[in-house]
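Student: compute the structure for the input listed below.
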Amino acid sequence: LLPRCLSRFLYNEMVGIAFPGERLNLRHINTDEARFLESAKRSMAISINNSVMYQKLSDLKDKLEEKVSMRTEELLKAMEGLETANMELTSTNEELKETRRIAEIDMMMAVHVQKSIFPEIPSDSTGWDIAATFMPMSMVSGDFYDFYQENNELKGMILLDVSGHGIASGLITMIARSVFYRNFFLHKDLKLGQVAEYANKELIGEITNTDKFLTGIMLRFEDDFVEYVNAGHPDIMFRKKESDHVKIINPQDMNFKGSILGVAQMDYPYKSIKFKVESGDIFALFSDGILEGTGHRNSRFGVNGIANAILQAGNGSASEVIDKIMKDFRAFTGTDKLTDDLTVIVIKRK
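Tutor: Numbering: from 1, shown residues only. Predicted coordinates for the structure are as follows:
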C-alpha cells in the first residue's frame, strides 16, 4: 500500500518506493503501529519531495549562473562593439565635416571665379542703356551672359542657359563663353546664324561626353538694327517707345527658332532675323527661371508678367524696367526662393 499512498501524496507523481520488512514475530500490526507507519510514510514522501525540489533548484541555479555568465559576456562584447562603432561614427562625422568644409570652400571659389568672368554692363556711351539682374538658384549658375565690344562700341551679346544647376553647369558656361566670344569676332563677315553654327560645332566637341545642353540667344548690333539668333530659348520681348503693346520677336511666317546647343544629334543650321530699334524702344531677354516662377494655384509668372511690368514701367530707364519686373516677380511668387537660375537683361535704345 505504501507506493500507492506515496504517489497520491505527491500529486500522482512517483518519486520513490519504501518496502517495510516483515515483523520478526509475524504478528499483525496494531493500531498504533499502523499510525506510526502512516506517519513514517508521509515523512519519507516529504523528505523525497524536498530532495527532488532541492536538486531541481540546484540545477536551475547552476543553469542560471551559466546563463548570466554567458549573457554578461555577450553584453561586454556588445558594449565593446558599440564603443568601436561610436569611435568609427565619430571619426566618420569628423571626416564628413572636413569634406563639407572643403566642398564649401570649393563652392565659394567657384562662385568667385564665375562672378569674376561676368562682364561689366556696357556704358551709356555705346548708345544703349543696359541693365541686368542675375540670380543663381544654388550659388553657381547655369545662366551666363556676355557683351561683345570693340573700340567702346557694342557689337553684340549672348545669353546662355545650361541645363541643370550648380558647379557642373557653371563649368559649361565658362567653356561656352570662350567658344562664342572667339567665333563672334572670328566670323564677322558671316550671317549670325552661321556664326552660331560654327560655335555650336566647337561646343559639341568640347562637351559631347557630358549630359548637358544649352539654350541661348545671340545678338549683333548694327546701327539701329539688331541681328538675332535663337537656339531653343525663350523669345525676346519688344516694346516701341510709348507703345501700349509688348510683342514677341518671333515671326509667325517662318520657322525661326533653332535647336538647342551642344547636342551632336541636333546639329542643325540656325537662321537669323533683324529687327529695328529706334530711340526709346526697349527689349528684354531672359532665362526661363523667371517664366517658371509659381504663384497662386500654381500659376506661372510667364511672358504676361514680364509684359505687364514693361508696360507699367512706362518710359523708364533699363534699370527701372528691371526693378519693376523683379518687384512684380517677387510679389507674384511671394518668396525669394528660386526653382531655377534667373537672368533678365533689358536693353533700351538711347
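
Student: what about the strands in the stretch 51-200 of the chain?
Tutor: 128-135, 143-150, 153-162 (DSSP state E, counting those that start in this stretch).

Student: and those strands as a markdown table, adding mean neighbour count?
Tutor: For the C-beta atoms, the positions are set from N, CA and C on the backbone; glycine is no exception. Below are these laid out as a markdown table (neighbours: other C-beta atoms under 10 Å):
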| stretch | mean neighbour count |
| --- | --- |
| strand 128-135 | 19 |
| strand 143-150 | 20 |
| strand 153-162 | 23 |
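
Student: looking at those strands, which is closest to residue 295?
Tutor: Nearest to residue 295, of all those, is strand 128-135, at 17.3 Å by C-beta to C-beta.

Student: name the helices or strands packed onto the closest one?
Tutor: strand 143-150, helix 318-333, strand 342-349 (3 or more C-beta pairs under 8 Å, 6 or more residues apart in numbering; DSSP states H and E).

Student: which residues touch the second one?
Tutor: Which is helix 318-333. 129-133, 282, 284, 290, 293-295, 301, 305-306, 308-310, 312-313, 316, 336, 344, 346-348 (C-beta atoms under 8 Å, 6 or more residues apart in numbering).

Student: relative to strand 342-349, how tilted is that helix?
Tutor: Put simply, helix 318-333 runs at 150 degrees to strand 342-349, going by axes from the mean of the first three to the mean of the last three C-alpha atoms, to 10 degrees.

Student: now do the first one
Tutor: Relative orientation of strand 143-150 and strand 342-349, computed by the same axes, to 10 degrees: 30 degrees.

Student: counting contacts, what elements does strand 143-150 pack onto?
Tutor: Secondary-structure packing of strand 143-150 (3+ C-beta pairs under 8 Å, 6+ apart): strand 128-135, strand 153-162, helix 166-186, strand 342-349.

Student: distance between the longest one and the chain's centre?
Tutor: Between the mean C-alpha location of helix 166-186 and the chain-wide mean there is a distance of 25 Å, by C-alpha atoms, centre = their mean, to the nearest Å.

Student: ok, the second one next?
Tutor: Computed by C-alpha atoms, centre = their mean, the chain-centroid distance of strand 153-162 equals 30 Å.

Student: show residues contacting that strand.
Tutor: Looking at what lies outside strand 153-162 - C-beta under 8 Å, 6+ apart - the contacts are 122, 126-128, 142-149, 169-170, 172-173, 176-177, 180, 184, 192, 212-221, 233, 261, 285-288, 341, 343, 345.
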